[in-house]
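Undergrad: Okay, sequence plus prediction incoming.
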Amino acid sequence: MKKSAGIAVGVILAIGALGTAGAWYTGQQLPALLDTSIKQANEEMAKTLPAVGISVSIELLSLERQFFSSNARYRVKFSGSLDGESPSNLEWVITDRIEHGPFPLSRLQAFKLMPVMATSNYALEQSPELEKWFVASNGVSPLNGQVSLGYDRSFDGNLQLQPLKAALDEESAVDFSGFNIDFDSSADVQEVSANGVMDSLKITSTLDNAQNMTLEFKGLTLDSEAHKGSSDFYLGNNEVRLQSIELLLGDSQPILLKDFVQRDETTENDNKLSARYSYDIGMISYQGNDIGGSQMIWGVKNLDATALQSLVELYGQLLQAGQVDSETGMPTLSAEQSALLKADIETLLAGKPSLALEKLSFKTANGESSFSLALDLNKPESFELPAPELAKQLIAQLDAKLLVSKAMIGDVVGVQAAIGGETDKEAIAQQATMMSEMASGMAVATELATVEGENIVSSLHYANNQVNFNGKQMSVEEFVAMAFATGGGLGAGMGGDMPEEAPVIEDPALMDGEGAAEETSLEQ
């Protein structure tokens, strides 16, 4: 027993000695460590943030070293503008209580026993400029968190935005549940992951017509896994989920979007970047009626990473210099900037990039309609070519397809009738059938589409100055002539003089009990 007790005491003394030595070592290394970390953070932000029109820098104001902990203060400067308006400047001061490793007390209390070099406990410091934010969060620091730095220079921690209620101005207010995000990173921020949670964000406002508006987001989660590629762009996957988005205008029933999901994935191969972005809405509801779900998927491929990085840097410089028009988004370029822009675009086009709206769909209970568009680009011989020839050389290939489900048309007509107060199911069904058949009849009559089973389909393929439209081969000039002719015919039908005798649609769904067809004139 005495021997075991002696061993236990020895272990405790050894751990105590290790902790004391580690704390002393951290205290000695801390000034250089903070200097290196701040310098690295400023360099990273200088690369990425100007592209969105802002710049951020961090400065160490003071450092008071003690044996087991230190106290630091940092100044964070923000400048620039996200909306392209006049630049604004803002300063925050962050206070930081740094616990020296290898076993900071806060980590031991949380049963985190892995030794670390230091643990930072940071919080936003109150100032006259931030007084309203502190009042809205009941006097506590609205932003705080903790970060632990490993001996291999990796780090992990969290950031917390505290709940708040505040009036934004005389006509609007915000009710925020708070947002928590946990993150970790390898050395030099080569690999990063993050997970975040927010319960709700509610914004109320009075519009110009004195109508009240409420917009509420509920159940947000964030998941991100990224790593830095050879081109210095971050690659990986990000996902944002929202349980619901609700919009309420005045006394009307709410518009509700359920199960919203945004995903993106970025990859790199041989200095070429590819990315895919998807947006899903599980269900769109109005006045308690489920209408349908929607999905949109975008994709880009073969983007030259070097040229893209140069374009991002140039755009950031233009934003910070106020050379981008806030309304049109168009930049004002010097001769040197114009030459750089042209060279970067030529390099991008030489890589044969492609842009695709892979899917834009709307799905109801019985049908789904969709649209897709894919565009492959090429580098033209010269940008000084006449517009028609430039377009021919610039567009290597184009594919588009529209599919409209007749069943979906019927579902939408049915929901519209229900919202309007119609209760006769047979009448609703007849109206839905009539509208579906009318749409398919007009599509076939104008030759803008064909009917394939229960779907109205239109397709277009272009390559090598040839167009294939709904299975018919023609030149670009012939297609343009056909499009103008069809457009003119439609214009006459919609807004021009109607023929003396309007066409009659005999719809089997509108047969009376004796079998005689009811005649429905388009003039009606």
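TA: Yes, it's here.

Undergrad: helices and strands around the helix or strand that contains Leu257, which ones?
TA: Per DSSP states H and E, Leu257 falls inside strand 255-269. Counting contacts by 3 or more C-beta pairs under 8 Å, 6 or more residues apart in numbering; DSSP states H and E, strand 255-269 packs against strand 234-249, strand 272-286. Placement of C-beta: from N, CA and C, glycine included.

Undergrad: Tell me what angle that strand forms with strand 272-286.
TA: Strand 255-269 and strand 272-286 are oriented at 170 degrees to each other (axes from the mean of the first three to the mean of the last three C-alpha atoms, to 10 degrees).

Undergrad: Now do the buried residues in strand 255-269.
TA: Buried residues in strand 255-269, counted by 16 or more other C-beta atoms under 10 Å: 255-258, 260, 263-264, 266, 268.

Undergrad: just curious, which of the residues you listed is nearest to Leu385?
TA: Comparing these against Leu385 with C-beta to C-beta places Glu268 closest, at 32.4 Å.

Undergrad: Dig out what the closest one forms beta bridges with.
TA: Judged by DSSP bridges, the bridge partners of Glu268 are Leu273.

Undergrad: List the buried residues for the helix or strand hosting Met474?
TA: Assigned by DSSP H and E, Met474 belongs to strand 472-475. Neighbour counts over strand 472-475 (16+ other C-beta under 10 Å) mark no residue as buried.

Undergrad: nearest to Gly292, of the helices and strands packed on strand 255-269?
TA: For these, the distance to Gly292 is smallest for strand 272-286, at 6.1 Å, taking C-beta to C-beta.

Undergrad: for the closest one, packing partners?
TA: By 3+ C-beta pairs under 8 Å, 6+ apart, strand 272-286 packs against strand 255-269, strand 289-304, helix 305-320.

Undergrad: got the buried residues for the second one?
TA: Along strand 289-304, these residues count as buried under the neighbour rule (16+ other C-beta under 10 Å): 291-299, 301-304.

Undergrad: now the last one
TA: Within helix 305-320, the residues that count as buried by 16+ other C-beta under 10 Å are 305, 307-316, 318-320.

Undergrad: Most widely separated two among those residues?
TA: Using C-beta to C-beta, the pair of the buried residues of helix 305-320 lying farthest apart is Ala305 and Gln320, separated by 22.7 Å.

Undergrad: Got the domain ranges for the protein?
TA: 1-162, 169-363, 419-521 (automatic domain parsing).

Undergrad: quick revisit: ok, of the buried residues of strand 255-269, which one's closest to Glu437?
TA: If you rank these by distance to Glu437 using C-beta to C-beta, Ile255 comes first, at 29.9 Å.

Undergrad: show me where the stretch 401-524 of the chain has strands.
TA: For the stretch 401-524 of the chain, the strands defined by DSSP state E, counting those that start in this stretch occupy 450-452, 455-463, 466-469, 472-475, 504-511, 517-521.

Undergrad: Where does pLDDT dip in the stretch 351-500 of the chain?
TA: Scanning the stretch 351-500 of the chain for pLDDT under 70 picks out 487-500.

Undergrad: please redo it, this time with the cut-off set to 50
TA: Low-confidence segments of the stretch 351-500 of the chain (pLDDT under 50): 489-500.

Undergrad: Could I get the full set of helices for it?
TA: In the stretch 351-500 of the chain, the helices defined using DSSP state H, counting those that start in this stretch lie at 387-394, 406-419, 425-446, 476-494.
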